[in-house]
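# Sequence below, structure please.
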Amino acid sequence: GIELDMTSTSFGKKASELVREIAESEAGALPSYNQDLVRTITEQCQDHVRAIENLIQAKHERESQGEEADAEYADAFKVSLLAHNQAILRNKRALLVYLNERMNRVKDLRWKIGAGLPEDVSHNLSHSERHFFTKYSAVLNDYMREVDLNLTLDLVPPQHYKIQVKCLEDYGELFTRDGTVDLRRNTVHLLWREEAQPLIQEGVLELLGDE
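Got it, this is the predicted structure:
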């Protein structure tokens, strides 16, 4: 007869663990890339492929020896092929869910923190994810240069083009489209949003209101 000589972990357990790991992580966070579990699931897919090949080879050997395929054997053969094939597809879906969710979070990083990856974040990424971040950042930078607009300044559309800010330290002169502004500690200024936003992100300026 035909038996599914695979362990229970080959039929979705490890794949479920991988999806659960990313689903239960903090929203937007990037936990350490689970290379071991990804490799295990990939190897399980290869095991299922070999099992399918062995089933087909055994069937051909039976036929070449003149053995008739009775209904019971034919049904078992079909069920076994289907089980292994579905296991491959299930593992594939789990891997794609895991990798796609991480890819989206990597893209979000570029918009939130800029082109430089903090060391603690970079350490949690795979080599391919770090390469993707670099390429994605380069494409975004090229586009923003082409349209002459920094799309990362305001992730939410602003209500006003100018904003009121308070200077938190003695920064010195800032050259703006309206002229030179002397940014001294505790002074308040009305600046163009795109000129003030980088200094807000650096902690030099504090946004006072955006009503």
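
# Helix, strand or coil: sort out the residue lying farthest from the centre of the chain for me.
Most distant from the centre of the chain: residue 66, at 53.2 Å, with distances by C-alpha atoms, centre = their mean. Following DSSP: H, G, I helix; E, B strand; the rest coil, residue 66 is assigned to coil.

# for residue 180, same thing?
Assignment for residue 180 (three-state DSSP): strand.

# Quickly find the element holding the closest residue to it other than its chain neighbours.
In space, residue 180 comes closest to residue 173 once its chain neighbours are excluded; the distance is 5.2 Å by C-beta to C-beta, 6 or more residues apart in numbering. C-beta here means a position set from N, CA and C on the backbone, and glycine is covered the same way. Element membership of residue 173 [criterion: DSSP states H and E] is strand 172-176.

# Name every strand pairing with that strand and say which way it goes.
In the sheet, strand 172-176 lines up against strand 179-183 (antiparallel) (DSSP bridges).

# Flag every buried residue along the partner strand.
Residues of strand 179-183 classed as buried by neighbour count (16 or more other C-beta atoms under 10 Å): 181, 183.

# Restricting to C-alpha, output it in PDB.
Taking C-alpha atoms only, strand 179-183 is exported to PDB below (Å, rounded to 0.1, in the frame of the first residue of the first chain):
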ATOM      1  CA  GLY A 179      15.100  85.100   4.000                       C
ATOM      2  CA  THR A 180      17.400  84.300   6.900                       C
ATOM      3  CA  VAL A 181      15.900  83.300  10.200                       C
ATOM      4  CA  ASP A 182      17.900  83.300  13.500                       C
ATOM      5  CA  LEU A 183      17.000  80.200  15.400                       C
END
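
# just to revisit the earlier point, then the strand holding residue 173 to PDB, C-alphas only?
Extracted in PDB, the C-alpha atoms of strand 172-176 (Å, rounded to 0.1, in the frame of the first residue of the first chain):
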ATOM      1  CA  GLY A 172      22.000  79.600  14.300                       C
ATOM      2  CA  GLU A 173      20.900  81.000  11.000                       C
ATOM      3  CA  LEU A 174      18.500  79.100   8.700                       C
ATOM      4  CA  PHE A 175      18.200  80.200   5.100                       C
ATOM      5  CA  THR A 176      14.600  80.000   4.000                       C
END
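
# Next one: the residue nearest to residue 180 from residue 208, what distance?
Residue 173 sits 21 Å away from residue 208, going by C-beta to C-beta, to the nearest Å.

# Same check on residue 174?
Taken as C-beta to C-beta, the span from residue 174 to residue 208 is 17 Å.

# Same question for residue 77.
74 Å.

# neighbour count winner among those two?
Per other C-beta atoms under 10 Å, whichever of residue 77 and residue 208 has more neighbours is residue 77, with 17 against 12.
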